[in-house]
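Colleague: structure for this input, please:
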Amino acid sequence: MKAIWNGEVIAESDQTILLEGNHYFPAEAVRQEFLVPSDTHTTCPWKGVASYYHIQVGDRVNQDAAWYYPEPSEAAKQIKGYIAFWKGVQVVEG
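Modeller: You can find the predicted model right below:
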């Protein structure tokens, strides 16, 4: 799978975890130079508290377009260390 935004491959892996229709990429498969930490946090009733990254490619920024669970609940422990994307980031087979 590949995550693409603004013409750049942000992440690429054949080891994603598909959960609730989202592909979660291993953190080491994500190009960290495109991630900017965000102060945004949300809570999922069963996965726990999510943290976010903005994605920056060149001078364009996609606010809170990547999320992860630093300390997921026991029910979602398989996605610890994984990052997912939305807000126009294309996740395609690659």
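Colleague: how many neighbouring residues does Tyr68 have?
Modeller: The local packing count at Tyr68 equals 20, with neighbours defined by other CB atoms under 10 Å. All C-beta spots, glycine's among them, are computed from the backbone N, C-alpha and C.
Colleague: relative to Ile79, how far out is it?
Modeller: Distance, Tyr68 to Ile79, using CB to CB, to the nearest Å: 8 Å.
Colleague: overlap in contacts of the two?
Modeller: Between them, Tyr68 and Ile79 have Tyr24 as joint contacts when contacts are counted by CB atoms under 8 Å, 6 or more residues apart in numbering.
Colleague: in its sheet, what does whatever helix or strand Tyr24 lives in sit against?
Modeller: Applying DSSP states H and E as the criterion places Tyr24 in strand 22-26. Based on DSSP bridges, the pairing partners of strand 22-26 within the sheet are strand 17-19 (antiparallel), strand 82-85 (antiparallel).
Colleague: all strands for the chain, in order.
Modeller: Ranges of strands within the chain are 2-5, 8-12, 17-19, 22-26, 35-44, 48-57, 60-68, 82-85, 90-92, based on DSSP state E.
Colleague: show me what the spatially most central residue of the chain is bridged to.
Modeller: Averaging the C-alpha coordinates of the chain gives a centre point, and the residue nearest to it by CA atoms, centre = their mean is Ala84 (2.5 Å). Per DSSP bridges, residues listed as beta-bridge partners of Ala84: Trp67.
Colleague: repeat that for Tyr53.
Modeller: Residues found in beta-bridge contact with Tyr53 (criterion: DSSP bridges) are Pro37, Ala66.
Colleague: thanks again, I'm all set now.
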